[in-house]
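Asker: Provide a 3D model corresponding to the input given below.
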Amino acid sequence: MMAGAMESEEQARNRFQSELEFIQCLANPNYLNFLAQRGYLREKPFVNYLKYLLYWKEPEYAKFLKYPHCLHMLELLQYEHFRKELVNAQCAKFIDEQQLLHWQHYSRKRTRLQQALAEQQQTQQQQPPHGNTAAK
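Answerer: Below you'll find the predicted structure:
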């Protein structure tokens, strides 16, 4: 008998939920700094776990992420140099600032795009439909 060899549906659901929560924490550079300062990012089993989590990049899993930026951080965490740099609080602060700037830029860009789309739709609604301009 192979007790524990097969994961029950409830165990699989719990693992999925735990991994989903953990991977999204990786989007937080302060949390990464916390992990680095406590030595987790130097431990082989933890580094292997980060490698295992790369399956979240697959669309069927990535669609569940609320903070997809975590996938970029997960990718960077595959590099030893990046993991070592995270011990430095200034590194985490820099990443945090860059994320904020990115989000602000993205937010402004998205707002401008939505405004332009709304204006375009308004203009299209005011024009007569094509085909109704037949000569009498």
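
Asker: in this structure, where is pLDDT below threshold?
Answerer: Within the chain, the ranges that satisfy pLDDT under 70 run 1-5, 91, 93-94, 96-97, 101-110, 128-136.

Asker: just the strands from it, written as ranges.
Answerer: Assigned strands in the chain: none (criterion: DSSP state E).

Asker: Gln37: what's its closest spatial neighbour, skipping adjacent residues?
Answerer: Spatial nearest neighbour of Gln37, excluding adjacent residues (Cβ to Cβ, 6 or more residues apart in numbering): Val87 at 5.8 Å. All C-beta atoms are positioned from the backbone trio N, CA, C, and that covers glycine.

Asker: hang on, isn't the one you found packed against Leu32?
Answerer: No. Using Cβ atoms under 8 Å, Val87 is not in contact with Leu32; the gap is 9.8 Å.

Asker: overlap of the contact sets of those two?
Answerer: Counting by Cβ atoms under 8 Å, 6 or more residues apart in numbering, the contacts common to Val87 and Leu32 are Leu41.

Asker: distance between stretch 42-58 and the chain's centre?
Answerer: 15 Å (Cα atoms, centre = their mean, to the nearest Å).

Asker: centroid residue for the protein?
Answerer: Most central in the chain under Cα atoms, centre = their mean is Pro68, positioned 1.5 Å from the mean C-alpha point.

Asker: how about the helices in the chain?
Answerer: 9-25, 29-37, 44-52, 59-62, 69-76, 80-85, 89-126 (DSSP state H).

Asker: can those go into CSV with extra columns for mean neighbour count?
Answerer: Putting these into CSV (neighbours: other Cβ atoms under 10 Å) gives the following:
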stretch, mean neighbour count
helix 9-25, 13
helix 29-37, 19
helix 44-52, 12
helix 59-62, 11
helix 69-76, 18
helix 80-85, 14
helix 89-126, 11
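
Asker: for Ala27, see how far away the nearest residue to Asn88 once chain neighbours are set aside is.
Answerer: Leaving aside its sequence neighbours, Asn88 sits nearest to Asn33 (Cβ to Cβ, 6+ apart; 7.8 Å). As judged by Cβ to Cβ, to the nearest Å, Asn33 and Ala27 stand 13 Å apart.
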